[in-house]
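Q: Make a model of this:
(chains A and B)
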Number of protein chains: 2
Amino acid sequence: MSARLVLGLDVGGTSTRALAADAASGQRLGIGRASGGNPIARGVSRAAENIGAAMREALAGHDAGEVEACVVGMAGESKVAAEPGTAAVFAALWQAVGLRCEVRIVSDVAAAFAAGTPESDGSVLIAGTGAVAAEMVGRRPCRWRDGNGWLLGDDGSGFWIGRQAVRAALAALDGSGPRSALLHNVIAAYLDPIPKPPEGGEPGETRFLASALIAAVNERPPVDLAALVPRVLAGAAAADPVAQHVLAEAARLLVAALCHIREPGDTTPIVLAGGVLQPGMHVDLLVRAALAETWPDAPVHAATDGAAGAAWLAALTQAPDPALHAQLMAEGGTGDARTRLG
Amino acid sequence: MSARLVLGLDVGGTSTRALAADAASGQRLGIGRASGGNPIARGVSRAAENIGAAMREALAGHDAGEVEACVVGMAGESKVAAEPGTAAVFAALWQAVGLRCEVRIVSDVAAAFAAGTPESDGSVLIAGTGAVAAEMVGRRPCRWRDGNGWLLGDDGSGFWIGRQAVRAALAALDGSGPRSALLHNVIAAYLDPIPKPPEGGEPGETRFLASALIAAVNERPPVDLAALVPRVLAGAAAADPVAQHVLAEAARLLVAALCHIREPGDTTPIVLAGGVLQPGMHVDLLVRAALAETWPDAPVHAATDGAAGAAWLAALTQAPDPALHAQLMAEGGTGDARTRLG
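A: Below is the predicted model of the structure:
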């Protein structure tokens, strides 16, 4: 059976998702998954390999030549476009996959916003491993706040929450902060088995444990700290006061970022995305409560599927049915989208 | 001429200093310098090479066999002692240098404290690339606060100040913070020449500049952010309000760390050390003002020469003259000690 297809991709640092859909109805025809495809994070040849794998899986059983429009959402997209070597590798990849249409690379922020709303103007707040807020005009970011990476920014992000959780554990160990179940949760995430201090070592077992925890955290890539987020969210849900304090501060920082790029009284939609803002979880509830106070007349939407957002942006170029957005989003994400810390 | 010698070393992540002195009079007989000798940061064979080079330079013209006591100050000293491979490499090194005495490895905190005061009890606050506060009893640290490394702690350190300076520059670029000369100073430190945005790129030149700055900072090791400290100190001295704000916050965090490990009313000496606390500079003045309020009866000393502090600890084992400490410290540091961010 022949179909008019659109193809959307959400390319992150740790995972890549692709969605092929019917350009007219929005019916989802295939999904594909691969590991990270960001050329800045992964290197261009490895990135191209993963993007190609996700595309081919999504298009399995269909003719890639029938894809009428393709949009790829990716962080640092302007840097990718400005780099001739990267652009050439991608051009060769589109050809190898069999695409005959133009492939448009947009910001990951644009894909997330499009996943949350069919509107063209509004705001988007993403808190995954990183964190960024952007004002969207014509579905493109025109003002940003943060998104500055773990070393310099990403305040309130998954990395930030993980770092604060370890800092809280260290404060509990040196007596400058309260002890709670979070201390044991953090230690369990990094130290298995829990090491015993050597005889004649430094004074105090807690200092030894702190040193072991610090060493274990530093042995992994810094962004791995975001892997603590599920433990902190679970702790907050179980009323752990330290976990709740960390998440309340994260929510405050995320809302503050949005306040910097969004005027009071704005009634355009606000889109929330990323693993830290999982619908119904602690940070999401706190952020939504703050948004309701500051922008009571603005609709707030969760974006769980950036690949479907990218597919929607692709379909837009084909003058689609107004019901297409709802159809594209209907099936609830290309798998791991809901829980990804992207 | 034969002499009774003591040998002290201050082994840091970026530099190693050694001082050979007369065990009886404290007269400084030789100094040696090499690059970083911390086995955790550098690897054990490279560390041993640098420690050996600094020792040999300090002992040039003297018989290493005449050294009666040797103390090495080093961060993570208990981890070094607990690692049999490292201990064996060091034992071979002491033999190769020709030392016949025992070599005692102590915390860098102990060497800094000993450099600042001949007293045995008190507190020490170090702010170099990292930051740590410790309560000293019998010249050994018995309670610590921070010293947790750049990823998880070191609040108020040189790394922390550099990161805050770049954050302030990014805030100036995105309009969420004030602009001052610090913005240009930070950009000049990382971007030379200042890149021009590509045509058709992201909206706004400031966003482009921010991305370039973030990329440049991330291309270097994170602790290189501490290299911004002299620019921030100079800015504060020239009344730059943003630089002054960053340093005021650093001073507040450093004093807070000390408050955690030192009781109110304590009259034992407080020793300040590290490049961020250079005597007479902005952070030093702010910290001293806060200390004078909290502990009005405690003497505050600057420690500028950790190698001399280690030599003093070595001399202590030889029942020295009471005037020896003053004599050892009299000549003002083993060279780069004053400005080192150790």
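
Q: all strands for the stretch 51-200 of chain A, in order.
A: A:67-74, A:103-107, A:122-127, A:131-137, A:140-146 (DSSP state E, counting those that start in this stretch).

Q: Which one of these lies nearest to chain B?
A: strand A:140-146 (5.6 Å; C-beta to the nearest C-beta). C-beta here means a position set from N, CA and C on the backbone, and glycine is covered the same way.

Q: Show me what the closest one is packed up against.
A: strand A:103-107, helix A:108-116, strand A:131-137, helix A:241-261 (3 or more C-beta pairs under 8 Å, 6 or more residues apart in numbering or on different chains; DSSP states H and E).

Q: what's the longest one packed up against?
A: Packing contacts for helix A:241-261, counted by 3+ C-beta pairs under 8 Å, 6+ apart, involve strand A:122-127, strand A:131-137, strand A:140-146, helix A:158-174, helix A:181-190, helix A:229-237, helix A:282-294.

Q: hey, least reliable of these by pLDDT?
A: Per-stretch mean pLDDT for these is lowest at strand A:140-146 (a mean of 91).

Q: Run the angle between that strand and helix A:241-261 for me.
A: Angle of strand A:140-146 versus helix A:241-261, following axes from the mean of the first three to the mean of the last three C-alpha atoms, to 10 degrees, is 130 degrees.

Q: who does strand A:140-146 pair up with?
A: If you go by DSSP bridges, strand A:140-146 pairs up with strand A:131-137 (antiparallel).

Q: which of the residues in the partner strand are buried?
A: Within strand A:131-137, the residues scored as buried using 16 or more other C-beta atoms under 10 Å in any protein chain shown are A:131-136.

Q: Report whether residue A:29 is found in a strand, as I expect.
A: Yes: Residue A:29: assigned to a strand according to DSSP: H, G, I helix; E, B strand; the rest coil.

Q: Could you tell me how many residues sit around the closest residue to residue A:139 other than its chain neighbours?
A: Spatially, and ignoring its direct neighbours in sequence, residue A:139 is nearest to residue A:120 (5.1 Å; C-beta to C-beta, 6 or more residues apart in numbering or on different chains). By other C-beta atoms under 10 Å in any protein chain shown, the residues close to residue A:120 number 14.

Q: Tell me which of the helices and strands packed on helix A:241-261 is the most buried.
A: Most buried of these, by mean neighbour count (mean count of other C-beta atoms under 10 Å in any protein chain shown): strand A:122-127, with a mean of 29.

Q: what packs against that one?
A: helix A:108-116, strand A:131-137, helix A:241-261, strand A:270-273.

Q: confidence score at residue A:299?
A: The confidence metric pLDDT takes the value 97 at residue A:299.

Q: That one against residue A:271, yeah?
A: No: taking contacts as C-beta atoms under 8 Å, residue A:299 lies outside contact range of residue A:271: 9.5 Å.

Q: which neighbours do these two share?
A: Here residue A:299 and residue A:271 have residue A:117 as joint contacts, going by C-beta atoms under 8 Å, 6 or more residues apart in numbering or on different chains.

Q: how far away is the residue nearest to residue A:139 from residue B:14?
A: 52 Å (C-beta to C-beta, to the nearest Å).

Q: Repeat that for residue A:316.
A: Taking C-beta to C-beta, one finds residue A:316 at 54 Å from residue B:14.

Q: circling back to that earlier point, mean neighbour count, the helices and strands packed on strand A:140-146: which tops it?
A: helix A:108-116 comes out most buried of those by mean count of other C-beta under 10 Å, with a mean of 30.

Q: what residues does that one touch?
A: A:8, A:10-12, A:71, A:73-75, A:77, A:122, A:124, A:126, A:132, A:134, A:136, A:139-141, A:144, A:147, A:269, A:271-274, A:301-310, A:312-313, A:329, A:342.

Q: so for that helix, what's the average pLDDT?
A: So the average pLDDT for helix A:108-116 ends up being 95.

Q: Same check on stretch A:24-43?
A: 86.

Q: buried ones in it?
A: Under 16+ other C-beta under 10 Å, the buried positions of stretch A:24-43 are A:24-26, A:28-42.

Q: Convert the C-alpha atoms of it to PDB, please.
A: Provided in PDB are the C-alpha atoms of stretch A:24-43 (Å, rounded to 0.1, in the frame of the first residue of the first chain):
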ATOM      1  CA  ALA A  24      -2.900  13.300   5.900                       C
ATOM      2  CA  SER A  25      -4.500  11.500   8.800                       C
ATOM      3  CA  GLY A  26      -1.600  11.500  11.400                       C
ATOM      4  CA  GLN A  27      -1.900   7.800  11.800                       C
ATOM      5  CA  ARG A  28       1.300   6.400  13.400                       C
ATOM      6  CA  LEU A  29       2.900   3.900  11.000                       C
ATOM      7  CA  GLY A  30       6.200   3.100  12.600                       C
ATOM      8  CA  ILE A  31       8.500   4.000  15.400                       C
ATOM      9  CA  GLY A  32      12.300   3.600  15.700                       C
ATOM     10  CA  ARG A  33      14.700   3.900  18.600                       C
ATOM     11  CA  ALA A  34      18.500   4.100  18.900                       C
ATOM     12  CA  SER A  35      21.000   5.500  21.300                       C
ATOM     13  CA  GLY A  36      22.100   9.100  21.300                       C
ATOM     14  CA  GLY A  37      22.400  10.900  18.000                       C
ATOM     15  CA  ASN A  38      23.700  14.300  19.000                       C
ATOM     16  CA  PRO A  39      26.800  14.900  16.900                       C
ATOM     17  CA  ILE A  40      28.300  17.300  19.500                       C
ATOM     18  CA  ALA A  41      27.900  14.800  22.300                       C
ATOM     19  CA  ARG A  42      28.600  11.600  20.300                       C
ATOM     20  CA  GLY A  43      30.800  12.600  17.300                       C
END
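
Q: Which residues of chain A lie near chain B?
A: Residues of chain A lying close to chain B by C-beta under 8 Å from any C-beta of the partner chain are A:76, A:78-79, A:81-82, A:140-142, A:144-145, A:148-149, A:151-153, A:163, A:166-167, A:170, A:174-176, A:198, A:201-203, A:207-208, A:210-211, A:214-215, A:217-218, A:222, A:260.

Q: Please tell me how far stretch A:221-232 is from the chain's geometric centre.
A: The gap between where stretch A:221-232 is centred and where its chain is centred comes out at 13 Å by C-alpha atoms, centre = their mean, to the nearest Å.

Q: Could I get the phi/psi values of residue A:37?
A: phi -120, psi 20 (degrees, to the nearest 10).

Q: List the contacts of it.
A: Contacts of residue A:37 by C-beta under 8 Å, 6+ apart are A:9, A:11-12, A:16, A:47-48, A:50-51, A:54, A:74.

Q: ok, and the most crowded of the residues you listed?
A: Ranking these using other C-beta under 10 Å puts residue A:11 first, with 32 neighbours.

Q: what about that one, distance to chain B?
A: 17 Å (C-beta to the nearest C-beta, to the nearest Å).

Q: so that residue sits right up against residue A:72, yeah?
A: Yes: with contacts counted by C-beta under 8 Å, residue A:11 reaches residue A:72, the gap being 5.9 Å.

Q: Next, show the common contact partners of the two.
A: residue A:51.

Q: Excluding its own residues, what touches stretch A:171-180? List them.
A: Residues contacting stretch A:171-180 (C-beta under 8 Å, 6+ apart): A:168, A:182-183, A:206-207, A:209-210, A:213, A:235, A:240-243, B:144-145, B:260.
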